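Undergrad: take this sequence and fold it.
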Amino acid sequence: MPTEQTKYGNSARHHGSIKALASFHDPTIVEFRSFNPDDDAKALHKAMKGFGTDEKAIINLLTKRSNYQRQIITDSYQALYNKDLLKDLKSELSGTLSEVVEGLMQSPDVFDANEIHRAVAGLGTDEEALIEILCSRSNAEIQALRAAYERCK
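TA: Alright, predicted model coming up:
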């Protein structure tokens with residue numbers, strides 16, 4: 001079987017999946033180097049201010065910040081405007097975009113807790129969602145998820 005060089009060393013190729021696996025753990029959203037939470041909070045406020053919403057500005061900003069940075073932006077927005085950023089975003093956006101932005105703005109433990117709640121609510125259980133979340137998290141992440149789940153009830 002041919003081998004190929006990956007960033008993890010030489011490895012046997014298995015249907016091309018080794019190369020994909022090698023980059024699997026590279027984050028897709030990294031810390032924004034010129035991060036200034038007050039400037040970002042002001043930019044989001046401007047995008048929602050007045051008539052109409054600049055959805056592109058919101059998308060471009062939020063998708064280029066890490067989750068940690070988005071949490072800091074939320075705090076800065078609260079400090080600058082005495083308003084809840086997530087509530088303002090939800091009131092300005094609709095449909096799938098609103099749902100995606102809501103997910104982006106939640107901390108990972110809260111997002112997971114809400115997804116687990118959704119998976120077990122109503123008739124039937126979304127077992128695939130439960131397995132995906134619970135089997136891919138560390139013990140520390142599961143403990144944080146558990147605490148968030150208790151708060152979200």
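
Undergrad: check contacts around the residue nearest the centre of the chain.
TA: Residue closest to the average C-alpha location in the chain (C-alpha atoms, centre = their mean): Leu104, at 3.8 Å. Leu104 is in contact with Leu62, Thr63, Asn67, Arg70, counting by C-beta atoms under 8 Å, 6 or more residues apart in numbering. In short, each C-beta sits where N, CA and C put it, glycine included.

Undergrad: what's the helix or strand for it?
TA: Secondary structure assigned from DSSP states H and E places Leu104 in helix 95-105.

Undergrad: so after that helix, what's the next helix or strand?
TA: Next along the chain after helix 95-105, taking DSSP H and E as the criterion, comes helix 108-120.

Undergrad: state the pLDDT value of His14.
TA: His14 is assigned a predicted lDDT (pLDDT) of 41.

Undergrad: same check, this time on Ser17
TA: 45.

Undergrad: okay, now the unreliable bits of the chain?
TA: Along the chain, segments meeting pLDDT under 70 span 1-27.

Undergrad: can you show me the helices along it?
TA: 17-24, 37-48, 55-62, 67-81, 85-92, 95-105, 108-120, 127-135, 139-152 (DSSP state H).
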